[in-house]
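Asks: 3D, please:
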Amino acid sequence: MRKNNNKFYSIFIVSIIIGIIAMLIFLSIKSDYKNENNNEPHNINIFLNSDNKLEINYEGSKNVYILVSDSEEYDINDERFEKINNRKATYGLVDYPQYYYLKYNNKIYETLSNEDVCYVQLSIENNKQLYLAKDEEIDFVYDLNVEGYTNKKVMWQSSDNSIASVEDGHLIAKETGDVTITAHLLNKSAIRHISITDLIIKAPNEFDENKVLLPCEVYSEEENDLLDEILETRINEAGYQSRAGVVEAARFITLNFPYKIKYCYEWGRQGIDKIDGEGRYYLKGLYLNDSRFSRLIGSNGKPATWGCKLYSNNVKSFVYNGLDCSGFVTWAILNGGFDCGDIGAGIVSGIKDLTNLGQIAKINDDTLSKTKVGDLVHSAYTGGHIGVIIGIDENNNYYIAEATPKEKVEALVVTKLDKKSFMKAWDEIILMDSYYLEDGKLTDMWY
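Replies: Here you go, the predicted structure:
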C-alpha cells in the first residue's frame, strides 16, 4: 500500500513541475508576443547599408507603418502608408529631400529624412605638399561626388589659423610654418599639407622694378633643393607639359622669386661649344648653389652660379652670371615640360631657333585676337630678341617676361605694355598652340 502511495506522490510532483514549466513557457511566449507586437518602436535609425541603400530599422512592435513622401506635410490617413516587414525598410538613394513618417497606434511616432544620409566621395585635387608665400591666397580645387541628398556643405578646417586660415575653400597664408587643411562632408574628409615659406614672395600685381639683384652665394644646397621642389610643385599644379606649365615657370622666376636675375651674354650652347650655365641654363630648376656644377656638361672657365661673377670674353671683363633672352625662354619651356633644345632667337637661315616652334606672324589686330599667354614674342633688337607673354589683363595690357640687355635694366624683368606700345616694341608673335597642344590650368593673369 505504501509503494502505491509513493508512486502516486511521485507522479503528482512531476505533474506539478511540468505544469509550472508549461506555465513559464506560456508566459514567456505571451510576453514575447506582447513585446514584439505591442511595445512602442524604439532605437529607430536611418543609414546607408553595405549595398549603399538607404535603410530604416527599429526595435519593438511589428505593427508599424511607413509613408515615404516628398512633402514635409502628411495625412495620418494617407492610403500610401505601408506596414514595415521585419522591422526594416530599404530604399534607393535619391538626390532630393524625402521624408519618412512612421505610424504606430494611428499616430505619427517618428519623422525621418534622407537628408544627411548619402554616399559621399571627397578629394582635394593634387593633394601633394603645396608651398605658398606669406600673404598668398588660393582657392582649393576639390572633387565631390554625392549619391543621395544632403543640404550640408563642405566644411574646411586649418590645423593652425595663425599660420593659415581657410573658409569656403579659400585659404589665406599668414605666417611661415606648416599646416594641414582638412575638408569635411558628413563622414568623409580630405587633407592638403601646406607649407608657408619665406623663400618665395607673393607675386605683385605688377613687376617691382626696384627688386634687388640676386647676390652671389646666398642660398644653401638645401634651400636650392627646396626652391626647385616649390617650382616643380607649382608647375605640376598648373599642368606639366602644358601651356600653363611654361607660363607658371616664367611667372615663378620673375614674380615669386625674391630677386631679380642679371642679364648675361651667353658663352655658348650645348651641341656647339658644350657650354652651359653661363648666360644660359639648359637644365631644370634654379642655378643658385655650386652643388649644381656637377650637372654641367662643360664650362668655358670657372663655373659660377646665378648672381656670381665669371669672366666674359664678349665684354673682356668679369660679369654677373644670369640668363640671356633665349636662355630664359628655353629654361621656362624646359621646366614647363618641353625639350626644345638649347636654341637661340636670332633668325639665321637653315638654323633652328625659337621662332620655329610655332606659327610666326606679324603683330596686328587679327593676330592679337588669337594670342594667348604662353605665346612667344620676337623682335630684331640686337640681332634677335625673344620673350614670353605671361599676362593679358582685362584692359588689353600685355605682360612680357624677358631677359633684356637694355641699358639700365640688364636683367630678367616683366614689362607691361598697352596694345599700341606692344605692337611698337615687338615685331612678331609665335603662336604656340601646335607646340603646347594642351592649355592646362591656364589663367590670363596670376592674380
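Asks: low pLDDT regions in the stretch 201-350 of the chain?
Replies: The stretch 201-350 of the chain contains residues with pLDDT under 70 at 267-277, 281-282, 298-301, 314, 349.
Asks: please redo it, this time with the cut-off set to 80
Replies: By pLDDT under 80, the low-scoring segments of the stretch 201-350 of the chain are 266-283, 295-302, 311-316, 346-350.
Asks: what about the helices in it?
Replies: Assigned by DSSP state H, counting those that start in this stretch, the stretch 201-350 of the chain shows helices spanning 221-238, 243-251, 325-335.
Asks: same question, the stretch 1-150 of the chain
Replies: 2-38.
Asks: in this structure R280 contacts V329, no?
Replies: No - at 10.4 Å, R280 and V329 do not qualify as touching, with contact defined as CB atoms under 8 Å. Every C-beta, even on glycine, is put in place using the N, C-alpha and C of the backbone.
Asks: so which of the two has more stuff around it?
Replies: Shown here are R280 and V329; by other CB atoms under 10 Å, V329 has more neighbours (29 against 25).
Asks: gap between the residue nearest to Y240 when sequence neighbours are not counted and E237?
Replies: Take Y240 and drop its neighbours on the chain: the residue closest to it by CB to CB, 6 or more residues apart in numbering is G337, 4.5 Å away. Counting by CB to CB, to the nearest Å, the separation of G337 from E237 is 13 Å.
Asks: now do G383
Replies: Here the distance between G383 and E237 works out to 37 Å (CB to CB).
Asks: residue ranges with poor pLDDT in the stretch 1-150 of the chain?
Replies: In the predicted model, the stretch 1-150 of the chain carries pLDDT under 80 at residues 1-38, 126-127.
Asks: tell me where it has strands.
Replies: 42-48, 54-59, 65-69, 82-83, 88-91, 99-104, 107-113, 117-124, 130-132, 137-139, 142-149 (DSSP state E, counting those that start in this stretch).
Asks: possible to save those strands as JSON lines with distance to F252?
Replies: Listed next are the strands of the stretch 1-150 of the chain as JSON lines, based on distance: least, CB to CB, whole Å:
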{"stretch": "strand 42-48", "distance to F252": "45"}
{"stretch": "strand 54-59", "distance to F252": "49"}
{"stretch": "strand 65-69", "distance to F252": "56"}
{"stretch": "strand 82-83", "distance to F252": "64"}
{"stretch": "strand 88-91", "distance to F252": "52"}
{"stretch": "strand 99-104", "distance to F252": "53"}
{"stretch": "strand 107-113", "distance to F252": "49"}
{"stretch": "strand 117-124", "distance to F252": "22"}
{"stretch": "strand 130-132", "distance to F252": "11"}
{"stretch": "strand 137-139", "distance to F252": "15"}
{"stretch": "strand 142-149", "distance to F252": "24"}
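Asks: could you chop the chain up by domain?
Replies: 42-114, 119-196, 221-436 (automatic domain parsing).
Asks: just the ones you listed: most buried one?
Replies: Of the domains of the chain, the one with the most neighbours on average (mean count of other CB atoms under 10 Å) is domain 221-436, at a mean of 19.
Asks: and it, end to end?
Replies: End-to-end distance for domain 221-436: 32 Å, by CA to CA, to the nearest Å.
Asks: same thing with stretch 45-60?
Replies: Start and end residues of stretch 45-60 are separated by 13 Å (CA to CA).
Asks: which other residues reach that stretch?
Replies: If you take CB atoms under 8 Å, 6 or more residues apart in numbering as the criterion, stretch 45-60 is touched by 35, 39-44, 64, 66, 84, 87-93, 100, 102, 112-114, 117-119, 147-148.
Asks: what's the answer for stretch 200-217, then?
Replies: Residues outside stretch 200-217 that contact it (CB under 8 Å, 6+ apart): 131-136, 227, 230, 251-252, 254-262, 288-290, 304-309, 320, 322, 399, 411, 413-416, 446-447.
Asks: in that stretch, what counts as buried?
Replies: Across stretch 200-217, burial judged by 16 or more other CB atoms under 10 Å covers 200-201, 203, 207, 211, 214.
Asks: just give me the closest of those residues to T355.
Replies: Checking the buried residues of stretch 200-217 against T355 by CB to CB gives F207 as the nearest, at 24.7 Å.
Asks: any idea how far the closest one lies from K424?
Replies: From F207 over to K424 (counting by CB to CB), the distance is 19 Å.
Asks: same check, this time on N397
Replies: Between N397 and K424 the computed distance is 14 Å (CB to CB).
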